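1. next comes the sequence, and after it the predicted model I'd like to discuss.
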Amino acid sequence: MHRFVYADNSATTKISKNVLDAMLPYFTEGYGNPSSLYALGQQARAAIDEARHKVAVALGAKKDNEIYFTSGGSEADNWAIKGAAHEMAKKGKKHIVSTKFEHHAVLHTLDALKKEGFEITLLDVHEDGLVRIDELKAAVREDTALVTVMFANNEIGTIQPIAEIGEFCREKGILFHTDAVQAVGNVEINVEDMKIDLLSLSAHKIHGPKGVGALYCRNGIRIETLINGGAQERSKRAGTENTAGIVGLGVAITDAVSDINARCEKLKALRDRFIDGALKIERSRLNGDREKRLAGSANLCFEGIEGESLLLWLDHSGICASSGSACTSGSLDPSHVLLSIGLPHEIAHGSLRVSFSDENTTEDVDHILNVLPLIIDKLRAMSPLWERIKKEEKGE
Amino acid sequence: MYTELVMDHFTNPRNVGEIADADGIGEVGNAKCGDIMKMYIKVKDNVITDVKFKTYGCGSAIATSSIATEMIKGHTIEEALQLSNKAVVEALGGLPAHKIHCSVLAEQSIKAAIADYYTRQGIDPTPIVGEIHECCHDGECGKE
């Protein structure tokens, strides 16, 4: 009877067996310091080089040395944005264009730069959760140093017109960074074709380990040193490498891109089955464009209920999902992403994000669809807000 | 995050519903903040003989309203007015810091229902019940 369904793969994923098997030897016999000259060290160095090559290939990078390993997506975002901004400021360029619904790793980095005297323009993402290229073109100025737009949104899953933005920025000589943490392995990416200068990614979103990510930085682009110290990562980010983690990232990204089309087809079928089923619930809505979205991700709102109580009931039924309600964020306001697409607070509080991986099945989706309407009915039956909505419906 | 007792009151809330011929109804909170509590009370000879609640909100909002109804049912109005948010939190075995406001809302919803009861009796409730804080977030709800 009791079924466990993990449907929060945008939060994190389970490490795959393939990844784990590749990592394990580097915790035990392969423990050498990659900077050491004896064979034990050089074997670790070779493993890191191989992982770097795998990441470069997965992204369509020209050279392996365009890949810098980091502790994850947030570090890569911080480094790319601050590092590029500080370099460009030397040329008198202190304006940055981004969007209202970036991940906090980007938005809070931009806040920090604002305090340093940078000017920030945040673009609207409209009801469909998509940036308009015309609005981006209108926002850039002579002194624009950097454009940073996420590849796919972490909450509502909408995919941005990255190639168009890249084309425009390259033409204008403006640096272009994209936070591709959610997109890697879920959307086909080629940094050369898409004219991306800087790209952030994370291993744990693609069945890799937590605590490891990478920054792609196109050759010829100067970004400041992140950590001073040894010569690791071309002396830009010192510190003995996380060999096992880096090896895990290399395998995870290779696996993620190798079967991307087949996997996305499978995920789309699960996602669409879920969306179609969930939209049958009265007063529900899908957030973000229906088509231009991550294959496995759906975000819906159900009026008259609050997201945290929905999540607790889902958990009670063995289902892991997430919400952008204020109560789950620990703040007074619901998620900035849901507000950025124009949802009123009271509707945003009732949001549910479900994100599938290739380990999910049709039975998982059906389990959620069986349980969800019952939970929503139960919560609405005790909700004074729902009572009010129904009264207004009747014109009382 | 939540104690077992909070989860128990969340999954099996006590006294949920409405009282058709209630003697007092109090509603506090608002949709924008993400929590609304509505309390219905039945009063006989100064004793709260029945109480029901409806809550829109998070797990702790539902749990605090549930336990608060148990703490006032069968008690006099004076005793119900003495119920503090702190007592509600203690009865639940504690709440996470950012959820304390839910217990304030539970306390205020009871006061609002009692105030409504007095108003219906033609008695000015303010000297007895005090000010009702309809929002739990120190008036920050109105801020954009």
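-> The structure has been received and is ready for your questions.

2. flag every residue of chain B that's near chain A.
-> Where chain B comes near chain A, counting by Cβ under 8 Å from any Cβ of the partner chain, the residues are B:7, B:10-11, B:13, B:16-17, B:27, B:31-38, B:53-59, B:61-62, B:98-99, B:137, B:140-141. For the C-beta atoms, the positions are set from N, CA and C on the backbone; glycine is no exception.

3. which of those residues are buried, as a ChimeraX select command?
-> The ChimeraX command for the buried members of these (criterion: 16 or more other Cβ atoms under 10 Å in any protein chain shown) is given here:
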select /B:7,10,13,16,27,31,32,33,34,35,36,37,38,53,54,55,56,57,58,59,61,62,99,137,141
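
4. which ones among the residues of chain B next to chain A map onto strands?
-> Of the residues of chain B next to chain A, the ones assigned to strands by DSSP state E are B:27, B:35-38, B:53-56.

5. out of those residues, which comes closest to residue B:45?
-> Distance from residue B:45 was checked for each of those by Cβ to Cβ. The minimum falls on residue B:53, at 22.4 Å.

6. quick one on the thing from earlier: now pLDDT too, for the ones in strands among the residues of chain B next to chain A, in a markdown table please.
-> Shown next, in a markdown table, are these (pLDDT from 0 to 100):
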| residue | pLDDT |
| --- | --- |
| B:27 | 97 |
| B:35 | 93 |
| B:36 | 96 |
| B:37 | 97 |
| B:38 | 98 |
| B:53 | 98 |
| B:54 | 98 |
| B:55 | 98 |
| B:56 | 97 |
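
7. find the closest residue to chain B in the stretch 51-200 of chain A.
-> For the stretch 51-200 of chain A, the nearest residue to chain B under the criterion Cβ to the nearest Cβ is residue A:100, separated by 14.4 Å.

8. quick check: phi and psi at the closest residue to that residue other than its chain neighbours.
-> If you skip the residues right next to it in sequence, residue A:100 has residue A:340 as its closest partner in space, 4.1 Å away by Cβ to Cβ, 6 or more residues apart in numbering or on different chains. According to degrees, to the nearest 10, the main-chain angles of residue A:340 amount to phi -70, psi -20.

9. and for residue A:350?
-> Main-chain dihedrals, residue A:350, degrees, to the nearest 10: phi -100, psi 40.

10. how close does the residue of the stretch 51-200 of chain A closest to chain B get to residue A:107?
-> In this structure, residue A:100 lies at 8 Å from residue A:107, with Cβ to Cβ, to the nearest Å as the measure.

11. hmm, residue A:324 and residue A:348 touching each other?
-> Yes - applying Cβ atoms under 8 Å as the test, residue A:348 and residue A:324 come out as touching, 6.2 Å apart.

12. mind listing the shared neighbours of the two?
-> A:334-335, A:338 (Cβ atoms under 8 Å, 6 or more residues apart in numbering or on different chains).

13. from those, pick the one nearest residue A:320.
-> residue A:335 (17.9 Å).

14. so the residue nearest to that closest one when sequence neighbours are not counted is in which element?
-> With Cβ to Cβ, 6+ apart as the criterion, residue A:335 has its nearest non-adjacent residue at 3.0 Å, and that residue is residue A:324. Mapping residue A:324 onto the secondary structure by DSSP states H and E places it in no helix or strand at all.
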